[in-house]
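Colleague: Okay, sequence plus prediction incoming.
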Amino acid sequence: MSFTYDLATDIGEIRLDLGDTVSGTGVKPDGTNLSDEEIQLLLTREDDIVGRAVAAACEVLARMYARFSDYSFGPKRESMAQSEQYAKRAAELRVQYGGGGGANRKAVAGGIIKVDGYNAGLDYATDAVSLSGRSEYASIAQYLD
């Protein structure tokens, strides 16, 4: 995994906005940097819009920091404030730049359709709804083929 910091590139701009500008002193919970490849993946997912990629990186960092719980040991106390700060910043950037799903994401739909005498307009023979067993519900997945 590589690390570059060049403000003439989108990756460099993203690093600047994240504060991930010094190799070996990164923004991840373990002190490492986001790799160029990780940032490029986020940039691609966000349709090459830098502000949206920064939001996506903040979302990733919020999830990374969220794995750590609050604890106290004597006078020392650590909390999930870092996770909350990244999540808040991501939300602000999403309001400003949009995104959060991007055209490169896959959507999954699901639900339940109740099959009974009140479902006017359904052709049970061609829609392949089966009422096997005692259930009167059919999965919507049958209709997504």
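Modeller: Nice, thanks for sending it over.

Colleague: CA atoms for contacts and neighbours, from now on please.
Modeller: OK.

Colleague: And the contacts of stretch 48-67?
Modeller: When contacts are defined by CA atoms under 8 Å, 6 or more residues apart in numbering, stretch 48-67 is touched by residues 10, 13-14, 17-18, 27-29, 39, 42-43, 45-46, 80, 82-87, 89-91, 93-94, 97-100.

Colleague: Spatially nearest residue to residue 26, not counting backbone neighbours?
Modeller: When the adjacent residues along the chain are set aside, residue 26 lies closest to residue 33, with 3.8 Å between them (CA to CA, 6 or more residues apart in numbering).

Colleague: ugh, wrong one, I meant residue 62
Modeller: Residue 62's closest residue in space is residue 83 (CA to CA, 6+ apart), at 4.2 Å.

Colleague: show me the contacts for that neighbour.
Modeller: Taking CA under 8 Å, 6+ apart as the definition of contact, the neighbours of residue 83 are 61, 62, 63, 64, 65, 66.

Colleague: Is there a quick PyMOL command that grabs whichever of these are buried?
Modeller: For anyone working in PyMOL, the buried entries among these, judged by 16 or more other CA atoms under 10 Å, can be selected with:
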select buried, resi 61+62+65+66
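
Colleague: what would the contacts of residue 83 look like in CSV with secondary structure and pLDDT?
Modeller: What follows is those, written out as CSV (DSSP: H, G, I helix; E, B strand; the rest coil; pLDDT from 0 to 100):
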residue, secondary structure, pLDDT
61, helix, 96
62, helix, 94
63, helix, 94
64, helix, 93
65, helix, 91
66, helix, 89
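
Colleague: Quick check on residue 22: phi, psi?
Modeller: Residue 22 has phi and psi values of phi -120, psi 120 when expressed as degrees, to the nearest 10.

Colleague: do you know how far it is from residue 45?
Modeller: From residue 22 over to residue 45 the distance is 25 Å, taken as CA to CA, to the nearest Å.

Colleague: can you map out the helices along this structure?
Modeller: Counting by DSSP state H, the chain forms helices over residues 10-18, 36-45, 50-66, 81-97, given from the N-terminal end onward.

Colleague: Alright, I will stop here.
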